[in-house]
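*Asks:* The sequence and its predicted three-dimensional model are supplied below.
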Amino acid sequence: MKTLAKYTIAILMGASTFAPAMDEDGWASIYESIAAFEDRPGGDARIFNRPGYVKPIIENLGNVLNSNWYVSANVPQSLNFEFGLPISLIPIGDDDRTFSEKDVFGNSRDVPTIFGDKWDATADPANLNNFVYGNETLNGLGVFTYPYLQIGVSAFHARVVLRGMWLPAVSELRGFSLLGFGLQYSFGRWFQYMLPPAAQGLDVSLVFGYNSSSIGYRPKDYDGQLDLDVSATTFDVVIGYKPFNFFEVMMTLGYQSATMESSGHLEFKENPTGMFINPNISVDGNCGFKFGIAIALQLGKSYHPVVGFDYAGKSSFTTNILYLRQQFGEDKTPDEIAKEKGYVRGAKKEDKANEAAEKNSATEEASDEAQQELSQETEQPAEPEPSEPAEDIE
């Protein structure tokens, strides 16, 4: 009974405290949404230090930034330039709208994230659940994406990629920047010349990508701003196969990580002393193994669209529709490389066997000749020694 009484008192106190904090439609207030980014000693755990509430931001953002680093498994020997606007689209699903959190009594419960739904007055007229509900703007998103420009240059089977975007302060967005750096190296030239013609389109490359992004946000009626610094890293093995020169199928296996650091200071203009927030928590996104498949086309000399699918805890669709890739010069074919190396595909073992047989035959012939010479010397009679002339007898 005492536990039930304490539970009831906690609910009623929470309801009286946070019901006014919701907006009139039942969505989380700005203060409730941003307070989740602060680990405040002694602060109410129902609104402060809630990484699970904001984690869908970095889970989606990390997947976006860790994709689109490659457009082919092959990196040519000759000079190559590329430019485009890659776009990743991640559907916002049910797993983005709720998460499991412990209440003040240590019991786990499913509660809304910042992408979650609003308060339902029909199901919970008095808001006895005492949840911090979803943000109206983020709840309205059907997909998550992030824009950036990407350029690349490659030669001698090594590729360097740069990506970036910058936006000035506009309205509540107080700034946006992204810088990324990627490397790729392909190994096909080491083995393609030894493969049968049907398998010569196979190639393998290693890819590394790193992103650093900053977002500044100042909500209406607040001074200061919330700063989010995001870093994302991926290591991938890309296996590609070209049955035709204009068509390539790729598969990716890799490992990725992503982290979001929050900082800044916010004060509610009407009550700067009582309602302020100092964001300071760090939240990890989907850190783990990833899998991807993609199809690339080379249409004409420059147009190189890529469409793919990645999975790293969440599904995402990569669409490099606006991508140009121009190669200057032509690489040697696997047959030309084999000719330079003196490699005869499919006949190397036979050649070695013939060479050994020829050596054995030459050795046998030399042995036979020596034997014949020895036999001839044995059979030839010895010439008599000349006798000394007899002395005359007087």
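*Replies:* Yep, it's here. Bear in mind that the values here come from a model prediction, so they are computed numbers and not experimental data.

*Asks:* Low-confidence ranges, the stretch 251-394 of the chain, go.
*Replies:* The stretch 251-394 of the chain contains residues with pLDDT under 70 at 345-394.

*Asks:* so where do the strands sit in it?
*Replies:* Under the criterion DSSP state E, counting those that start in this stretch, strands of the stretch 251-394 of the chain are mapped to 276-277, 282-284, 288-297, 306-311, 315-320, 323-328.

*Asks:* now do the stretch 1-150 of the chain
*Replies:* Under DSSP E, counting those that start in this stretch, the stretch 1-150 of the chain gives strands at 79-84, 87-91, 98-102, 108-112, 143-144, 149-155.

*Asks:* returning to that earlier point: comparing the strands of the stretch 251-394 of the chain, which comes out most buried?
*Replies:* Counting by mean count of other C-beta atoms under 10 Å, strand 276-277 has the highest mean neighbour count of the strands of the stretch 251-394 of the chain, with a mean of 22. (Glycine included, C-beta is placed from N, CA and C.)

*Asks:* From the contact counts, what lies against that one?
*Replies:* Applying 3 or more C-beta pairs under 8 Å, 6 or more residues apart in numbering; DSSP states H and E, we find strand 276-277 packed against helix 30-35, strand 247-268.

*Asks:* what's the most buried one of these?
*Replies:* When the helices and strands packed on strand 276-277 are compared using mean count of other C-beta under 10 Å, helix 30-35 is most buried, at a mean of 23.

*Asks:* Among the strands of the stretch 251-394 of the chain, which comes closest to residue 46?
*Replies:* Distances from residue 46 to each of the strands of the stretch 251-394 of the chain were compared using C-beta to C-beta; the minimum, 14.8 Å, belongs to strand 276-277.

*Asks:* What strands line up against that closest one, and which way round?
*Replies:* Neighbouring strands of strand 276-277 in its sheet, by DSSP bridges, are strand 247-268 (antiparallel).

*Asks:* the inter-axis angle of the strand it pairs with versus strand 288-297?
*Replies:* 130 degrees (axes from the mean of the first three to the mean of the last three C-alpha atoms, to 10 degrees).

*Asks:* follow-up on the earlier one: just put the strands of the stretch 251-394 of the chain in CSV and tack on distance to residue 190.
*Replies:* Formatted as CSV, the strands of the stretch 251-394 of the chain follow (distance: least, C-beta to C-beta, whole Å):
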stretch, distance to residue 190
strand 276-277, 56
strand 282-284, 37
strand 288-297, 22
strand 306-311, 25
strand 315-320, 27
strand 323-328, 20
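
*Asks:* out of these, which comes closest to residue 158?
*Replies:* That would be strand 323-328 among the strands of the stretch 251-394 of the chain, by C-beta to C-beta, at 14.5 Å.

*Asks:* Does residue 33 touch residue 114 like I think?
*Replies:* Yes: the pair residue 33 / residue 114 is scored as a contact, 5.8 Å apart, by C-beta atoms under 8 Å.

*Asks:* what residues do the two have in common as contacts?
*Replies:* Listed as contacting both residue 33 and residue 114 by C-beta atoms under 8 Å, 6 or more residues apart in numbering are residue 135.

*Asks:* distance of residue 243 from residue 305?
*Replies:* Separation of residue 243 from residue 305 (C-beta to C-beta, to the nearest Å): 18 Å.

*Asks:* the more surrounded of these two?
*Replies:* Applying other C-beta atoms under 10 Å to residue 243 and residue 305 shows that residue 305 carries more neighbours, namely 18 against 10.

*Asks:* pretty sure that one contacts residue 321?
*Replies:* Yes: taking contacts as C-beta under 8 Å, residue 305 lies within contact range of residue 321: 5.0 Å.

*Asks:* helix or strand for residue 207, which one?
*Replies:* strand 202-217 (DSSP states H and E).
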